[in-house]
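Chemist: this one's sequence-less:
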């Protein structure tokens, strides 16, 4: 699986290569939305917030909402409920990624972008996120490319821990910036 890094920056997202699916984790007790979910909601004119307000999606553990999109580089966004922040732990992180990868496989998504669960609230630090991602991504051969969405500082740490060389990180950043 090829891993790329893309900061939480809508201007950079606009230049990113197209992909099949984007994971936007959502806690049931965090409002307003943060991280990837917050930026996705902003770009989709509050569509995710509308679903939350209407209680058609609440962010409860394992809950899924698939949103088609034209204003993002991904064909669809998977809003995935993580439940309460106080109950979130490493096993919930892995469970969320398992669900996301399974949904992606069911949709035929070979390229994905992801905000890693718990990163937007600081429940999982970048070092732990990289370690848990390696476990969850093992043997996910249907995914050929995964773009991690996070702050630039966190992406630097995760990139180093995931074994992306400085040159590979630079190529990934240039590729994202060029829209190639």
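Modeler: Ah, there it is. It should be emphasised that the depicted structure is a prediction, and the values quoted were computed from it without experimental measurement.
Chemist: can you give me the helices in this structure?
Modeler: Along the chain, counting by DSSP state H, helices occupy 10-15, 35-43, 47-53, 90-107, 126-137, 152-161, 166-178.
Chemist: Reformat those helices as a markdown table; add mean pLDDT, mean neighbour count and distance to residue 24.
Modeler: From N, CA and C alone the C-beta is placed, and that goes for glycine too. A markdown table is the format used below for these (pLDDT from 0 to 100; neighbours: other Cβ atoms under 10 Å; distance: least, Cβ to Cβ, whole Å):
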| stretch | mean pLDDT | mean neighbour count | distance to residue 24 |
| --- | --- | --- | --- |
| helix 10-15 | 95 | 14 | 12 |
| helix 35-43 | 98 | 22 | 4 |
| helix 47-53 | 97 | 18 | 7 |
| helix 90-107 | 96 | 18 | 10 |
| helix 126-137 | 94 | 18 | 15 |
| helix 152-161 | 96 | 18 | 16 |
| helix 166-178 | 51 | 14 | 18 |
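Chemist: Rebuild those helices as CSV, extending it with distance to residue 78.
Modeler: Output for the helices of the chain, formatted as CSV (distance: least, Cβ to Cβ, whole Å):
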stretch, distance to residue 78
helix 10-15, 16
helix 35-43, 10
helix 47-53, 11
helix 90-107, 6
helix 126-137, 15
helix 152-161, 20
helix 166-178, 20
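Chemist: so which of those comes closest to residue 2?
Modeler: For residue 2, the closest of the helices of the chain is helix 166-178, at 8.7 Å, according to Cβ to Cβ.
Chemist: sorry, back to before: list just the one of the helices of the chain that sits closest to residue 69.
Modeler: Closest among those, using Cβ to Cβ: helix 35-43, at 7.7 Å.
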